[in-house]
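Q: sequence isn't available, so here's the structure alone:
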Ligand SMILES: Nc1ncnc2c1ncn2[C@@H]1O[C@H](COP(=O)(O)OP(=O)(O)OP(=O)(O)O)[C@@H](O)[C@H]1O
Ligand SMILES: [Mg+2]
């Protein structure tokens with residue numbers, strides 16, 4: 001059977017070149033994953049290779065499932081099910097289950113998750129009399145994990161530490177931790193990889209067994225392999241050398257987790273006989289989207305030059321959407337989806353919202369819920385289900401209603417305040433027998449003799465805290481309440497000490513909840529804790545959550561790797577958020593990794609891409625001004641919705657010099673008459689304004705990043721300057737600030753104007769305070785003023 005039908009020349013070669021090392025180096029959407037699946041089908045069906053002899057490695061379980069499915073549809077599910085299609089981790093578990101006794105584990109070893117790891121590590125730190133303040137569990141775990149990924153054993157770590165105090169202690173903790181794991185017959189996630197490596201190194205026969213078995217090895221997303229994964233591949237492929245790796249150096253986005261981009265760049269050195277095939281035709285995206293992706297990533301210096309092309313049409317322009325804040329941003333996304341659904345253009349599942357940090361999902365989730373847009377959150381927990389959010393909400397629930405036992409038991413010892421299970425049980429039992437509330441019994445645990453002096457002191461410290469917080473709640477200042485609560489419980493430190501890699505993310509979720517209270521305080525007529533909790537409960541409801549449903553997908557840019565969607569929204573493309581503040585301050589390498597992430601994001605879109613940025617965002621409850629990301633400035637203007645602005649050349653009356661268009665980042669509203677005046681006068685020079693501006697970021701004052709912002713003209717980005725005849729129906733030009741009248745909603749002021757290919761949308765705040773986004777094609781607005 002021919003599995004190369006429909007493939008291009010290079011793809012065919014890649015499928016048919018089965019013997020010897022092969023590197024397929026190609027950009028996004030060029031069919032790398034597709035080639036892998038066809039190659040497997042070709043091996044089994046035409047070369048009569050047993051499915052047992054094939055090992056295919058993917059980056060996520062989801063990707064593995066998809067690959068198996070695709071192979072199954074080519075050669076039948078039964079054959080596909082006999083192959084090893086798995087992630088590195090599941091491959092290792094499978095090998096270790098068979099041979100772990102060789103390493104001194106029994107075959108029923110357990111696998112520890114993060115919580116188990118932490119509990120173990122905490123004990124060790126305590127037993128060794130090490131101050132947890134200096135060696136927070138999360139940080140220690142992170143350090144151990146990166147050592148394991150680089151195959152550094154405790155002994156080696158000790159050697160490398162030399163006289164360095166901190167490293168020496170870390171090496172000691174690491175040694176004790178490994179010892180304890182082994183005693184418990186347990187492995188953590190990194191052990192799965194490292195122990196398989198050890199197993200192979202110490203047992204030549206086992207290695208040979210697998211080398212012999214896997215005659216053909218295929219690895220997808222090779223650019224994101226870390227040190228130990230790289231070694232495993234090298235070892236397994238040594239005998240047959242039929243190793244096919246595919247990847248894209250421009251999509252290497254896991255450097256922060258130890259992935260090494262050099263693994264792919266050095267492939268030709270590692271395998272002298274390697275054949276390299278480059279795929280350059282993209283089959284996923286429109287030309288505009290592809291041009292945008294190419295142009296952004298071209299700003300990276302450390303890359304192999306390559307340029308993707310496509311036969312697809314230019315397609316719609318990329319919409320760069322500027323809004324006032326994250327709420328408007330979410331509204332804009334929701335409005336676009338609702339419109340496309342109503343007009344029958346799309347289904348919910350055609351849309352994806354891809355963001356930089358998990359915390360960004362909250363506002364979008366809330367907007368989707370209130371707009372009845374079904375959505376699902378991939379690779380993450382929905383905002384109100386996240387542990388830290390549930391903890392804090394549980395506190396608020398207890399403060400509001402001390403009878404809420406579920407919430408109370410969740411937080412009575414979080415952060416740890418020495419209240420053990422025995423105390424909790426004693427109180428619970430007393431309360432049950434005496435028909436009292438748990439909280440009441442807890443409050444009186446000393447007087448009633450439920451607990452001894454020591455334990456009751458700890459419980460009283462808790463009940464006193466709740467009562468103190470209740471007093472603040474009585475003032476109805478929810479923002480202050482949450483602030484005090486976080487402060488008094490030292491909840492942030494609790495996260496810092498107990499969470500490893502995820503601490504930063506969790507802290508920003510807390511900030512996000514904080515922003516929610518600020519927003520609530522600003523919008524509620526009479527703020528009240530009960531009402532706040534009701535509002536939260538409404539959006540936190542997960543009853544109608546259906547995995548397989550036709551719904552919009554929300555996820556981080558990282559987890560979107562390898563996937564594709566007809567329409568993609570990328571919100572929050574702002575300096576300090578994307579690129580992240582950390583990457584901006586930690587050097588060019590980090591920044592380039594962010595840029596690659598941007599490339600990954602753009603190339604997920606097949607037909608339409610929205611890039612959004614807000615002029616301000618609430619960070620830790622404080623409104624911060626923000627600036628459009630440098631990545632936006634790296635997009636070629638001609639593929640964006642800003643292109644039509646360029647047609648309006650401003651001519652300086654005195655010098656005759658022309659100034660073309662305007663760069664994003666400028667935000668001013670002009671009435672038409674003002675605009676005309678400006679045109680006559682020549683706009684304003686802004687270089688002086690750009691210099692050394694300070695902005696506040698996460699409570700700090702920093703220099704505004706030095707990206708040149710050319711403020712050359714005075715046209716707000718979304719004013720309709722498209723020549724009227726190009727649009728399907730005559731459209732009036734509207735301007736921000738203009739007062740208009742709507743037949744049903746009355747008089748209002750235009751707050752935003754947004755142009756798409758087919759229409760111009762205006763957001764109007766009406767006199768009753770309500771805001772609506774309306775199509776100027778249909779809304780029949782009447783002009784009242786200029
Ligand atoms: N020769 C081809 N003809 C038609 N469609 C193709 C061809 N090759 C690939 N495609 C389609 O292009 C899209 C992208 O392919 P695929 O996901 O394999 O790309 P990729 O290189 O793995 O992308 P990424 O870098 O994002 O992982 C898919 O929808 C795939 O079916
Ligand atoms: Mg792929």
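A: Structure received. Worth saying up front: this structure is predicted, and the values here are computed from it rather than measured. Numbering: from 1, shown residues only. Ligands and ions are numbered 1, 2, ... in the order given.
Q: and the residue positioned nearest the centre of the chain, how far from residue 601?
A: Geometric centre of the chain, nearest residue: residue 556, 2.3 Å, by CA atoms, centre = their mean. With the distance defined as CB to CB, to the nearest Å, residue 556 ends up 10 Å from residue 601. Any C-beta I mention is one placed from the backbone N, CA and C, and that applies to glycine too.
Q: circling back to that earlier point, my guess is the residue nearest to the centre of the chain contacts residue 359. True?
A: No: Residue 556 is beyond contact range of residue 359, at 10.3 Å (criterion: CB atoms under 8 Å).
Q: now residue 151: closest residue in space that isn't a chain neighbour?
A: Leaving aside its chain neighbours, residue 151 sits nearest to residue 228 (5.4 Å; criterion: CB to CB, 6 or more residues apart in numbering).
Q: residues in contact with whichever strand or helix holds that neighbour?
A: Using DSSP states H and E, the element containing residue 228 is helix 227-237. If you take CB atoms under 8 Å, 6 or more residues apart in numbering as the criterion, helix 227-237 is touched by 21, 55, 57, 88, 92, 148-151, 190, 193-194, 196-197, 200, 207, 210-211, 214, 217, 219, 225, 243, 245, 258, 260, 263, 270.
Q: let's see 7 Å
A: With contacts defined as CB atoms under 7 Å, 6 or more residues apart in numbering, helix 227-237 is touched by 88, 149-151, 193-194, 196-197, 200, 207, 210-211, 214, 217, 219, 225, 243, 258, 260, 263, 270.
Q: residue 772 pairs with what?
A: residue 764 (DSSP bridges).
Q: wait, isn't it in contact with residue 765?
A: No: using CB atoms under 7 Å, residue 772 is not in contact with residue 765; the gap is 8.4 Å.
Q: show me what the helix or strand encompassing residue 595 is packed against.
A: Using DSSP H and E, residue 595 maps to helix 588-602. If you count contacts as 3 or more CB pairs under 7 Å, 6 or more residues apart in numbering; DSSP states H and E, helix 588-602 packs onto helix 287-297, helix 581-585.
Q: run the angle between the first one and helix 588-602 for me.
A: What that stands for is helix 287-297. 170 degrees (axes from the mean of the first three to the mean of the last three CA atoms, to 10 degrees).
Q: now do helix 287-297: which elements does it pack against?
A: If contacts are counted by 3+ CB pairs under 7 Å, 6+ apart, helix 287-297 sits against helix 588-602.
Q: around the residue nearest to residue 417 when sequence neighbours are not counted, how many other residues sit close by?
A: Once flanking residues are discounted, residue 417 sits nearest to residue 458: 5.8 Å by CB to CB, 6+ apart. Neighbour count for residue 458, taken as other CB atoms under 10 Å: 17.
Q: cool, residue 628 as well?
A: Number of residues near residue 628 (other CB under 10 Å) recorded here: 25.
Q: show me the contacts for residue 93.
A: When the contact criterion is CB under 7 Å, 6+ apart, the partners of residue 93 are residue 192.
Q: may I ask which helix or strand encompasses it?
A: Following DSSP H and E, one finds residue 93 within helix 88-99.
Q: what's the burial count for the nearest residue to residue 213 once chain neighbours are set aside?
A: Spatial nearest neighbour of residue 213, chain neighbours left out: residue 53 (6.4 Å); criterion: CB to CB, 6+ apart. Residue 53 has 18 neighbouring residues, counting by other CB under 10 Å.
Q: ok, residue 53 to residue 511 distance?
A: Distance from residue 53 to residue 511, by CB to CB: 51 Å.
Q: can you list the residues of the stretch 551-700 of the chain near ligand 2?
A: residue 562 (CB under 5 Å from the ion).
Q: whoops, I mixed them up, the chain
A: 32-33, 562.
Q: make JSON lines from those residues and add distance to residue 776, secondary structure and neighbour count to it.
A: Output for the residues of the chain next to ligand 2, formatted as JSON lines (distance: CB to CB, whole Å; DSSP: H, G, I helix; E, B strand; the rest coil; neighbours: other CB atoms under 10 Å):
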{"residue": "32", "distance to residue 776": "43", "secondary structure": "helix", "neighbour count": "24"}
{"residue": "33", "distance to residue 776": "43", "secondary structure": "helix", "neighbour count": "18"}
{"residue": "562", "distance to residue 776": "39", "secondary structure": "coil", "neighbour count": "20"}
